[in-house]
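Enquirer: Okay, predicted coordinates and the sequence, questions at the end:
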Amino acid sequence: MDYFDKNGKPCKACFSVEDMMKMSKKFSEKKATSSTSSTEINEETIQNVVEERRVKQCPVDKDELGRSTWNLLHTMAAYYSEKPSTEEKKTMETTLTSLSKTYPCSYCADDFRKDLKVHPPKLENRDELSKWMCEMHNRVNKKLGKDIFDCTKVKERWLDGWKDGSCDP
């Protein structure tokens, strides 16, 4: 995967500020003995991007982009028809396929396309799509070493709201 643009800058959709800080620390610890070309990533490039992000708070990094995308996808599944028409099924399938081709993080997009092939979306009704979406999200969480969500609670989390009235899971 190519995580850097043609000028050697880190892809802002592939790395969070925290990722870039870790990379910067590795570069400073390594103190590379060879000079870098203009297309290679270096500590100065990373520090510049980190500082730019810190000051401007934009564009969104991969963590914020991921959270926003999952919020959108889970909400779409939660409000999907209980008895979708053929057209609604096709629209949802096209939306997921299109997202897998246009997502700004190339690594994430490629991984999403692969997962869609192995685990095609279940579009028969709201409950099936919501469960499928949760399972998809959990596969990603597992790869990232994050907690797994209890898929029996998708309706409460994404449609009805938590029973105790809180917004946090």
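Expert: Looks like it came in fine.
Enquirer: What is the least confident helix or strand in the protein?
Expert: None of the helices or strands of the chain scores lower by mean pLDDT, DSSP states H and E than helix 17-30, at a mean of 62.
Enquirer: would Val49 count as being in a helix?
Expert: Yes: the assignment for Val49 (DSSP: H, G, I helix; E, B strand; the rest coil) places it in a helix.
Enquirer: Next one: it from Glu93, what distance?
Expert: Look at Val49 and Glu93: by C-beta to C-beta, to the nearest Å, they are 36 Å apart. Every C-beta, even on glycine, is put in place using the N, C-alpha and C of the backbone.
Enquirer: Asp115 now?
Expert: Distance from Asp115 to Glu93, counting by C-beta to C-beta: 14 Å.
Enquirer: And for Lys101?
Expert: Between Lys101 and Glu93 the distance, using C-beta to C-beta, works out to 13 Å.
Enquirer: Kindly report the same for Asp164.
Expert: Taking C-beta to C-beta as the criterion, Asp164 is separated from Glu93 by 36 Å.
Enquirer: Domain map for this protein?
Expert: Structurally, the chain divides into domains by automatic domain parsing as follows: 1-59, 62-160.
Enquirer: Can you tell me which of those has the worst average pLDDT?
Expert: Set side by side, these differ in mean pLDDT, and domain 1-59 is lowest with a mean of 61.
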